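*Asks:* dropping a prediction and its sequence here:
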Amino acid sequence: MPTIKDPIAFIRRETKIKAVPHAEEIRLHLADEAIGLWQKTEEELGDLGLDPPFWAFAWAGGQGLARYILDTPELVAGKHVLDFACGSGLVGIAAMKAGAVGCHAVDVDPMALAAARLNADLNGVSLSLETADITDGLPPDAGIVFCGDVFYDKAMAERVLSFLYRLVDAGKEVIVGDPGRSYLPTARLTELAEYRVPVIRALEDNEIKHTRIFRLTKK
C-alpha cells in the first residue's frame with residue numbers, strides 16, 4: 001500500500017481537532033468533509049483509486065462503542081483489549097480512558113495508525129499500533145475485542161466475521177458497534193445498547209444514525 005511521506009504532518013495540516021459528538025470526553029483529528037481530503041490524499045501519493053480516508057472521521061459504530069465503553073468502564077478495567085480495524089483509534093482511546101491496562105490497535109491502512117498515534121497522544125493515552133491484516137492469524141493476546149463499522153462490504157464482512165467467530169470460539173469476548181450496515185450478521189448477536197449518533201451527512205444517509213452495540217455469541 002502506498003504511503004504518504006510524512007503522514008503526521010499531512011494529518012495535522014488537513015484535519016482539525018474536535019470533540020467526538022457522541023463521546024465528547026475524547027478529541028480527535030477530524031476532517032470536515034470526505035471528498036476534499038480524499039482528493040488531497042490521492043494527489044499526495046500520485047495514486048488514484050485509493051480507499052476513502054476512513055481514519056479522518058468518527059463513524060457511527062465507533063462512536064457508539066466509545067460511548068458504551070466510557071459508560072461501562074468495568075467492561076475493560078484491568079484488561080488488555082484489541083481495537084480491530086481501528087481507523088482513528090477512537091475505540092482504543094475510549095478503552096484506555098476507561099481503565100484498560102493496554103490496547104493493541106490494528107488496521108491495514110498505515111495512515112490510520114498514524115492518526116491513531118496522534119489521537120492517542122492528544123488524549124493522553126498510549127496505544128500499541130500494528131499495520132496488518134490479522135484475520136488469518138492466531139487469536140490475539142487480548143481479553144476483549146472491539147470492532148466498529150466493519151460490515152459495509154460483502155467480501156470484507158465475510159472475512160471479518162469468520163475471524164470474529166474464531167475469536168469467540170477461542171473464548172474471546174467480541175463487542176461490535178454497527179449502525180445497520182448492509183452486511184451486519186443477523187445471528188449470534190446479543191444487543192447491549194443502542195444510541196442515536198450524530199454523523200456527517202455527506203458520509204451517511206442521515207445526520208443521525210441509530211447505532212447498536214452487540215456481543216457476538218457462541219453457537
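*Replies:* Thanks, I have it.
*Asks:* which parts of this protein are helices?
*Replies:* 7-14, 34-45, 60-71, 90-97, 110-122, 154-169 (DSSP state H).
*Asks:* make JSON lines from those and add mean neighbour count to it.
*Replies:* Placement of C-beta: from N, CA and C, glycine included. Converted to JSON lines, the helices of the chain look like this (neighbours: other CB atoms under 10 Å):
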{"stretch": "helix 7-14", "mean neighbour count": "16"}
{"stretch": "helix 34-45", "mean neighbour count": "15"}
{"stretch": "helix 60-71", "mean neighbour count": "27"}
{"stretch": "helix 90-97", "mean neighbour count": "30"}
{"stretch": "helix 110-122", "mean neighbour count": "22"}
{"stretch": "helix 154-169", "mean neighbour count": "16"}
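*Asks:* would you single out the least confident of these?
*Replies:* Sorting those by mean pLDDT places helix 34-45 lowest, at a mean of 54.
*Asks:* straight-line length of stretch 200-212, end to end?
*Replies:* Taking CA to CA, to the nearest Å, stretch 200-212 runs 18 Å from one end to the other.
*Asks:* need the contact list for the residue most central in space within the chain.
*Replies:* Residue closest to the average C-alpha location in the chain (CA atoms, centre = their mean): Cys86, at 3.6 Å. Taking CB atoms under 8 Å, 6 or more residues apart in numbering, we find Cys86 in contact with Gly92, Ala105, Val106, Asp107, Ala112, Leu113, Ala116, Leu127.
*Asks:* what of Ala31?
*Replies:* Contacts of Ala31 (CB under 8 Å, 6+ apart): Glu14, Thr15, Lys16, Leu37, Pro53, Ala56, Phe57.
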